[in-house]
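1. sequence first, predicted model second:
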Amino acid sequence: MSKTLFEKIWDTHIVKTIDDGPSVLYIDKHFIHEVTSPQAFTGLNKRGLKVLRPQQVVATADHNVPTLNQHLPIKEDLSRKQVEALIQNCAEHGIELYGLGHPFQGIVHVIGPELGITQPGMTIVCGDSHTSTHGAFGAIAFGIGTSEVEMVFASQCLLQSKPKLMRITINGELNKGVVSKDIVLYILSQITASGATGYAVEFAGSAIRSLSMEARMTICNMSIEMGGRCGLIAPDETTFDYINGRKFAPQGAEWNKKLSEWKELYSDADANFDKEIFIKAEDIQPMITYGTNPGMGIGVSETIPTTETINDNDRSGLSKSLAYMGLEQGATIKGQKIDYVFIGSCTNSRIEDLRMVASFVKGKKKAADVEVWIVPGSKQVEAQAIAEGIDKIFEEAGFQLRQPGCSACLGMNEDKIPAGKYCISTSNRNFEGRQGAGARTLLASPLTAAAAAITGVVTDVRELLN
Amino acid sequence: MSKPLNIVKSRFVPINIENIDTDQIIPARFLKATTKDGFGKNLFRDWRYYNDDESKTRADFPLNMSQFDGEILVAGKNFGCGSSREHAAWSILDAGFRVVISSFFADIFKNNALNNGVLPVQVSEDFLQRIFLQDNNTELTVDLEKQTITINSTGESDSFDINSYKKTCLLNGYDDIDYLISIKEDIQQFETQRA
């Protein structure tokens, strides 16, 4: 029987299925961090249980860590206690922790892939909605709540109902200045922030195949912004080349065995999807969001929708969104003054993102009244950037290269955008208050963010490219 | 083990806004706690107060309006999208709600709510709008056993879906961990077979 990529993985991870109920899904890898794990450990301890398979759990501190002076104790009391609780819990339960100061520390969805922990065919969970990132390797990877973190600790399993299946196929050649972030913001603008709720989403087509692994991760990362249970891309030579030789990648005979298994991970030609969407790569322009959910995006040279032209999903919220953003219906967004630029987050903080920004800004200076924060996704990304001299390019441009963490994506640490200020951000969410109470977020690609850093206003990067 | 839930008969608090994300339900700066307690007072924090100042309440936000009360929260479609933070469900429960009604729920929020004994009731868009039209004294009855929701003043009723496993859990206050621990041998056998 023909199967989708999702079904091939799902079917081999079902321990049993409850009659007229969910299935018991076995979890291969469980990533944890300081914010959504403490109550799960407390629950486990109350039941007198130990973590069942500690060697399948990997921990890091990312959400609530400073991005300056990481060698010093965390100043903020509650943040420090949360990070200390993670250290203690990992020690008690025998879990590997890549905490502050460790050369592998970083954003959980950056370090898993770069260490070769994330592999095709796996089931992967984490108490973080952007766990969908790991699906770029052809894995079923999804975010869970803290009760579910406790379930995986206790049993290495979760009770899950099989989602519906959607495939989004993007064929064709990308326009100049268009990168993977634009692809996913474009999809979101077409299907809205709830367009994939209840579905596992497979991304396919020649435009996806042509992307690097890091670019693919950006797309799967934001499948949750469409409401998707997870996002996946079938593994191919690009995937295998990326994994080969990484710290925890299979080696020798084990590599060959895994490789032959991974090569079977694709949707069969006549596999059935509940929903199919087709997109032409040529239709995608450099994108930017104007509203307060990630589906509220437009081409950077287009005008903000009006009540008449907007999709049904966002019509009722348009006025509220624009009032919050200080923007007008029907106005152009190009030329909008920017106060902050944030290049970072699990969406766009990998070495390729930093290289893309560096190659664009080399020899240029930031606009005088713009503050630019570059927050690498991990210690390894930071070290690589320094090794390549990217840090010098940023320094000369007047950009601040900070230390790894989630930072201003969600503003849990000190990295907050002040109320009323505009931030062009490579992160994933433009919700009200996401980057700080009253902060106004415009989501865009690293390239579009870099262009705004130089000009001080929302800019169509194509006008600055040769 | 959560508090069992069967019939909830109560007035409701209407928040007629669509796409309410979990950053609105509980902003990230309140996620630094290491326990599950006390999140209710920060539910919808930035919609309840100006400049994060508890002395400056927004008079037009339903949670601040004395005429609205009850164990049922009613909200626009795509409720609970965004972050997986279970703190959103904890804050709703801690603020005294046992039921959330919407025409559409985000997946992760729905699971988090169910895992905390909060019932997400998905109704049609039409029925949701009819609830929003009711005055503040109207009571709703949510009957989990029968899977129905009724507007008591008019008798209008709608049914809702829930899988029978989750229904049994909520009716009895069971949680998934109890079940998963009980099948430990099956899990070990599964691990052995695939090794």
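-> Perfect, I can see it now.
2. select the longest helix from chain B.
-> helix B:184-194 (DSSP state H).
3. low pLDDT regions in the stretch 1-150 of chain A?
-> For the stretch 1-150 of chain A, applying pLDDT under 70 flags no range at all.
4. would you map the helices across the stretch 201-350 of chain A?
-> A:206-209, A:213-221, A:237-243, A:252-262, A:312-315, A:318-325 (DSSP state H, counting those that start in this stretch).
5. where do the strands sit along the stretch 101-250 of chain A?
-> A:123-126, A:140-143, A:157-160, A:164-171, A:199-204, A:230-232 (DSSP state E, counting those that start in this stretch).
6. redo those strands as JSON lines? Include distance to A:D19 and mean neighbour count.
-> (C-beta placed from N, C-alpha, C; glycine too.) JSON lines is the format used below for these (distance: least, C-beta to C-beta, whole Å; neighbours: other C-beta atoms under 10 Å in any protein chain shown):
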{"stretch": "strand A:123-126", "distance to A:D19": "22", "mean neighbour count": "26"}
{"stretch": "strand A:140-143", "distance to A:D19": "23", "mean neighbour count": "28"}
{"stretch": "strand A:157-160", "distance to A:D19": "13", "mean neighbour count": "24"}
{"stretch": "strand A:164-171", "distance to A:D19": "21", "mean neighbour count": "22"}
{"stretch": "strand A:199-204", "distance to A:D19": "23", "mean neighbour count": "27"}
{"stretch": "strand A:230-232", "distance to A:D19": "25", "mean neighbour count": "30"}
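7. wait, which of the ones you listed is closest to chain B?
-> Closest to chain B of the strands of the stretch 101-250 of chain A, according to C-beta to the nearest C-beta: strand A:140-143, at 3.9 Å.
8. kindly list the longest helix within chain A.
-> Assigned via DSSP H, chain A shows its longest helix as helix A:77-93.
9. packing partners of it?
-> Packing partners of helix A:77-93 (3 or more C-beta pairs under 8 Å, 6 or more residues apart in numbering or on different chains; DSSP states H and E): helix A:38-46, strand A:57-60, strand A:96-98.
10. on that earlier part again, can you say which of the helices of the stretch 201-350 of chain A is packed in most?
-> Sort the helices of the stretch 201-350 of chain A by mean neighbour count, taking mean count of other C-beta atoms under 10 Å in any protein chain shown, and helix A:213-221 sits at the top with a mean of 27.
11. without its sequence neighbours, what residue ends up closest to A:F394?
-> A:L401 (4.9 Å; C-beta to C-beta, 6 or more residues apart in numbering or on different chains).
12. the one you found - how many residues pack around it?
-> By other C-beta atoms under 10 Å in any protein chain shown, the residues close to A:L401 number 21.
13. that one: what's it in contact with?
-> A:I374, A:P376, A:E382, A:A385, A:D391, A:F394, A:E395 (C-beta atoms under 8 Å, 6 or more residues apart in numbering or on different chains).
14. can you pull the phi/psi pair for the third one?
-> Spelled out, that is A:E382. Torsion angles at A:E382 (phi, psi; degrees, to the nearest 10) stand at phi -60, psi -50.
15. ditto for the first one
-> Dihedral pair for A:I374: phi -110, psi 120, per degrees, to the nearest 10.
16. closest point of chain B to chain A, which residue?
-> As assessed by C-beta to the nearest C-beta, chain A sits closest to B:Y165 within chain B, at 3.0 Å.
17. gap between that residue and A:V24?
-> Taking C-beta to C-beta, to the nearest Å as the measure, B:Y165 falls 11 Å from A:V24.
18. quick check: the residue of chain A nearest chain B.
-> Taking C-beta to the nearest C-beta as the measure, chain A has A:G21 as its residue closest to chain B, at 3.0 Å.
19. and that residue, that's in a strand?
-> No. Per DSSP: H, G, I helix; E, B strand; the rest coil, A:G21 lies outside any strand segment and is coil.
20. neighbours of residue 82, how many?
-> Picking chain A for this. Counted by other C-beta under 10 Å, the residues lying close to A:Q82 total 25.
21. let me rephrase: I mean chain B.
-> If we define neighbours as other C-beta under 10 Å, then B:G82 has 28 of them.
22. what of A:K392?
-> Burial of A:K392 is recorded as 14 neighbouring residues (other C-beta under 10 Å).
23. packing partners for the helix or strand harbouring it?
-> Assessed by DSSP states H and E, A:K392 sits inside helix A:390-397. With contacts defined as 3+ C-beta pairs under 8 Å, 6+ apart, helix A:390-397 has these neighbours: helix A:351-361, strand A:400-401.
24. show me which residues of it are buried.
-> Using 16 or more other C-beta atoms under 10 Å in any protein chain shown as the burial criterion, the residues of helix A:390-397 that qualify are A:I390, A:D391, A:I393, A:F394, A:A397.
25. repeat that for stretch B:32-46.
-> Under the neighbour-count criterion of 16+ other C-beta under 10 Å, stretch B:32-46 has B:K32, B:A33, B:T34, B:K36, B:F39, B:N42, B:L43, B:F44, B:R45, B:D46 buried.
26. the third one: what's it in contact with?
-> When you say that, I think you mean B:T34. Here B:T34 is in contact with A:P38, A:Q39, A:T42, A:K81, A:Q82, A:A85 (C-beta under 8 Å, 6+ apart).
27. try 10 Å this time
-> Residues counted as contacts of B:T34 (C-beta atoms under 10 Å, 6 or more residues apart in numbering or on different chains) are A:34-35, A:37-39, A:41-42, A:78, A:81-82, A:84-86, A:89.
28. please pick the buried ones from those.
-> Buried members of these, counted by 16+ other C-beta under 10 Å: A:34-35, A:37-39, A:41-42, A:81-82, A:84-86, A:89.
29. what two of those are the furthest from one another?
-> Spatial extent of these (C-beta to C-beta) is set by the pair A:Q39 and A:E84 at 15.3 Å.
30. and whichever strand or helix holds B:C169, which residues are buried?
-> In this structure, B:C169 sits in helix B:164-172 according to DSSP H and E. The neighbour-count check on helix B:164-172 (16+ other C-beta under 10 Å) flags B:Y165, B:K166, B:K167, B:C169, B:L170 as buried.
31. next: stretch B:79-97.
-> Buried positions in stretch B:79-97, judged by neighbour count with 16+ other C-beta under 10 Å: B:79-95, B:97.
32. now, which of those lie close to chain A?
-> For chain A, the contacts drawn from the buried residues of stretch B:79-97 by C-beta under 10 Å from any C-beta of the partner chain are B:F79, B:C81, B:G82, B:S83, B:S84, B:R85, B:E86, B:H87, B:A88, B:A89, B:W90.
33. mind giving me JSON lines with the helices and strands packed on helix A:390-397 and columns for mean pLDDT?
-> As requested, the helices and strands packed on helix A:390-397 are exported to JSON lines (pLDDT from 0 to 100):
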{"stretch": "helix A:351-361", "mean pLDDT": "98"}
{"stretch": "strand A:400-401", "mean pLDDT": "98"}
